[in-house]
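1. have a look at this prediction, sequence included:
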Amino acid sequence: MGQEKDVLIIKSDKKWKEFFIDRIVYFIIWVIGFDAMITYWIVVSGSIKGIDIAMYIMAVGPFSIVIILRVYLLCRNIDRELILDKTGVLVKTWLYKRKYTWDEFQIKQLRINVGEYCYDEALFLAACKHQPKQNSNCELFPIRHPIGSFCINFKMHRPILAHERANLYINGEIMAAEKEELLSKLKEWGVDFETERPKNFDIFQDKKGRLQSRRNGTAWILLAAAVWILLLGFIIYPIFIWKNPVLIAIFIPFFIALVPVYVVVTSRKSYRLKMDEKGCIRKFLFLSKRYPWKDLRVKLVASEESHCGEGVLFIKKKSGKSGDSSSASETFSYASLHPYSSFVANFEVFGKMYGEKDALHEINKELFLKKMKEWGVEVEGLPKAE
């Protein structure tokens, strides 16, 4: 980063430019080589017919698109230069030049983990209104919005990992600035930026007005579905299809090993909660089960997953038996030991930094306690003042 009078100049080091050029040449060679190989295969196999052309497009198209997008992302940082002053940002890339005023940027966020070669923190600027996901790293944002989005990394002052597989580190900085210097200049110029994520109560209520936990990652749901299919496969095929005692004996250990995985994934990771005045619904994929409030105990507990360190434990009451009173053993981990009679939710904390991941089954504490009081549901662990 250079500085001239009241101007900050931000660009990548020479070593990074050389690395980007080498990577682009490498990707281009890969595309040409792959395309040449497919073309040779089609020519050798016979005359080019309609089906051959379709096969060629299906084989080469997706691969080429991925490589082109990767080359585009690399090209953005080869010769880019940002010149910041009190009026805005002048962007120079190759023959392209444009000046943005600070008011043109709809997004000015101080984010962590932006995905730019393991930088811990960066300033993210975008002229478009579309917001990146709150817990995303913005790495794919330039593909959807190629013009008017920029990341200014904060210098790490150590070698930066450029290629994980090759374990290649480069002793330089990529589009980076000194954090304190940049932030002090922005403050001096009167530029306001967001450091924390805004409040959003909408995600905690569905269209019917029911209270709901934040939707978990799709990866957990897909994993649960995959494990479920494997479990069915280990039962159906050996017993009903192959009818082979030897194969049944071989598959039994795999089945036993997958059962606890399935229990953990479905009972701790993949469900979602919806609540109304009648009770709490626990949903998993297309399955759901309702627990009336009269059959549930609701208890505030310390949580190692929540950002604020607090969550809520739901315990199914033991019908016709004693022992429904609160116990010291009923901690957050209680749900792991009793997956079918208890489950948990984490309290969400507004004010998390941009880029911080959300906890599983997050729900807003303020809204949750308000609804519990409104529905007449007793919550254990509340201070007397509340």
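-> Cool, got the structure.
2. for the rest of this, base every contact and every neighbour count on C-alpha atoms.
-> Fine.
3. need the phi and psi values for the residue nearest to Glu356 when sequence neighbours are not counted.
-> Closest residue to Glu356 apart from its sequence neighbours, by Cα to Cα, 6 or more residues apart in numbering: Asn135 at 5.4 Å. When read as degrees, to the nearest 10, the backbone of Asn135 gives phi -110, psi 20.
4. what sits against Asn135?
-> Applying Cα atoms under 8 Å, 6 or more residues apart in numbering to Asn135 gives the contacts 354-358.
5. okay, buried residues for stretch 181-199 please.
-> Residues of stretch 181-199 classed as buried under the neighbour-count rule (16 or more other Cα atoms under 10 Å) are 182-183, 185-186, 193, 195-197.
6. residues in contact with it?
-> With contact meaning Cα under 8 Å, 6+ apart, stretch 181-199 is reached by 85-86, 102, 107-111, 134, 350-354.
7. run the chain-centre distance for it.
-> What separates the centre of stretch 181-199 from the centre of its chain is 24 Å, taken as Cα atoms, centre = their mean, to the nearest Å.
8. C-alpha coordinates for it, CSV please?
-> Only the C-alpha atoms of stretch 181-199 are listed here, as CSV (Å, rounded to 0.1, in the frame of the first residue of the first chain):
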residue,chain,number,x,y,z
GLU,A,181,-3.9,3.2,9.0
LEU,A,182,-6.8,2.4,6.7
LEU,A,183,-9.4,2.6,9.4
SER,A,184,-8.0,5.9,10.7
LYS,A,185,-8.1,7.4,7.2
LEU,A,186,-11.7,6.3,6.7
LYS,A,187,-12.7,7.8,10.0
GLU,A,188,-10.9,11.1,9.0
TRP,A,189,-12.8,11.1,5.7
GLY,A,190,-16.1,10.5,7.4
VAL,A,191,-16.7,7.1,5.8
ASP,A,192,-19.0,4.9,7.9
PHE,A,193,-18.8,1.1,7.5
GLU,A,194,-20.5,-1.8,9.3
THR,A,195,-18.5,-4.0,11.6
GLU,A,196,-21.4,-6.1,12.9
ARG,A,197,-24.3,-7.9,11.3
PRO,A,198,-27.7,-6.2,11.5
LYS,A,199,-30.7,-7.5,13.4
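9. any idea how far Lys318 is from Trp220?
-> Trp220 sits 30 Å away from Lys318, taking Cα to Cα, to the nearest Å as the criterion.
10. who has more neighbours out of the two?
-> Trp220 (16 against 12; other Cα atoms under 10 Å).
11. isn't the more buried one up against Ser270?
-> Yes: shown here, Trp220 and Ser270 form a contact pair, counting by Cα atoms under 8 Å, at 5.6 Å.
12. helices of this protein, start to end?
-> 14-45, 50-75, 141-144, 179-188, 218-236, 245-264, 334-337, 365-374 (DSSP state H).
13. surely Leu296 touches Lys318?
-> No: with contact defined as Cα under 8 Å, Leu296 does not reach Lys318; the gap is 9.2 Å.
14. one step back: by neighbours, which of the contacts of Asn135 wins?
-> Counting neighbours by other Cα under 10 Å, Tyr354 leads the contacts of Asn135 with 25 neighbours.
15. enumerate the beta-bridge partners assigned to the nearest residue to that residue once chain neighbours are set aside.
-> The shortest distance from Tyr354 to any non-neighbouring residue, by Cα to Cα, 6+ apart, is to Arg111 (4.6 Å). Beta-bridge pairing for Arg111 (DSSP bridges): Ala122, Tyr354.
16. from Glu380, how far off is Arg111?
-> 37 Å.
17. try Phe255
-> Counting by Cα to Cα, the gap from Phe255 to Glu380 is 39 Å.
18. again, but for Lys208
-> From Lys208 to Glu380 the distance is 27 Å (Cα to Cα).
19. more neighbours, these two?
-> Neighbour count, other Cα under 10 Å: between Lys208 and Glu380, Glu380 has more, with 15 against 7.
20. coming back round to it: now do the residue nearest to Tyr354: how many residues are near it, please.
-> Arg111: 26 surrounding residues under other Cα under 10 Å.
21. I figured it hits Phe124, correct?
-> Yes: counting by Cα under 8 Å, Phe124 is a contact partner of Arg111 at 6.7 Å.
22. mind telling me which of the helices of the chain the model trusts least?
-> Among the helices of the chain, helix 50-75 carries the lowest mean pLDDT, a mean of 65.
23. quick one, what contacts Cys138?
-> Listed by Cα under 8 Å, 6+ apart, the contact set of Cys138 reads 114-115, 132.
24. any idea which of the residues you listed is least confident?
-> Across the contacts of Cys138, the bottom pLDDT score, 75, is held by Gly115.
25. that residue is in contact with Leu140, isn't it?
-> No: with contact defined as Cα under 8 Å, Gly115 does not count as touching Leu140 (9.1 Å).
26. when these two are compared, which one has more neighbours?
-> The neighbour comparison of Gly115 against Leu140 (other Cα under 10 Å) goes to Gly115, with 17 against 14.
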